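# following is a predicted model, sequence given first.
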Amino acid sequence: MNHAFHAGAFLGVAMLALAACAPEQQVSGRALYLDYCASCHGPGGKGDGPAAEGLGKAPADLTGIAARNGGVFPMARVMSTIDGYTRRGDRSSVMPELGVALQQGPLVLVDTGDGIMTPTPVNLVALADYLATLQN
């Protein structure tokens, strides 16, 4: 009997149960955006928020993410950027890592493009979903 396999299978079932039993909660990606992003990126995502002027580096225009990626919105990469995972140790980045702030609430299963359903904070998914609606 392979105990590692059984432990992994149990963990996978437990995560699915956690996601399935989480209380259904309406999360507003727009509200999260206004709370965490609009001061720098602006209300429409153009990089023209009131705090942008005081930054050493201009905030990205979030309305062109898909255009900069061949017309495809790169959901996993966007979530990783918001979370801060791909920017850890990047001293040139002025964007705060929002991973801790967005971990509140239940986890949802998300296919991040590799066919594997990954438990992801619902707030992170909602915020990235909202950014997808801002695309030109």
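Noted; the coordinates are in hand.
# which stretches in this protein count as helices?
Secondary structure of the chain (DSSP state H): helices located at 3-21, 29-36, 38-41, 75-83, 122-133.
# just the buried residues of the shortest one, please?
Right, helix 38-41. Burial within helix 38-41, assessed by neighbour count using 16 or more other C-beta atoms under 10 Å, is assigned to 38, 40-41. Glycine gets a C-beta too; all of them are placed from N, C-alpha and C.
# and the fourth one, by the same measure?
Within helix 75-83, the residues that qualify as buried are 75-76, 78-83, counting by 16+ other C-beta under 10 Å.
# for this protein, name the helix or strand with the lowest mean pLDDT.
Across the helices and strands of the chain, mean confidence by mean pLDDT, DSSP states H and E is lowest for helix 3-21: a mean of 42.
# got the contact list for residue 80?
Contacts here follow C-beta atoms under 8 Å, 6 or more residues apart in numbering; on that basis residue 80 touches residue 86.
# from residue 37, how far out is the residue positioned nearest the centre of the chain?
Centre of the chain computed as the mean C-alpha position; nearest residue by C-alpha atoms, centre = their mean is residue 79, 2.9 Å away. Plainly put, residue 79 is 13 Å away from residue 37 if you go by C-beta to C-beta, to the nearest Å.
# residue 63 and residue 42, how far apart?
Applying C-beta to C-beta to residue 63 and residue 42 gives a distance of 10 Å.
# got any ranges where this protein has weak pLDDT?
Residue ranges of the chain with pLDDT under 70: 1-25, 88-91.
# report how many residues lie close to the residue lying closest to the residue nearest to the centre of the chain once chain neighbours are set aside.
In space, residue 79 comes closest to residue 128 once its chain neighbours are excluded; the distance is 4.8 Å by C-beta to C-beta, 6 or more residues apart in numbering. Using other C-beta atoms under 10 Å as the criterion, residue 128 is surrounded by 26 other residues.
# again, but for residue 57
Around residue 57 there are 10 residues (other C-beta under 10 Å).
# what does residue 50 give?
Counted by other C-beta under 10 Å, the residues lying close to residue 50 total 11.
# next: the one 3 residues further on.
Here the count is done by other C-beta under 10 Å, and residue 53 has 9 residues near it.
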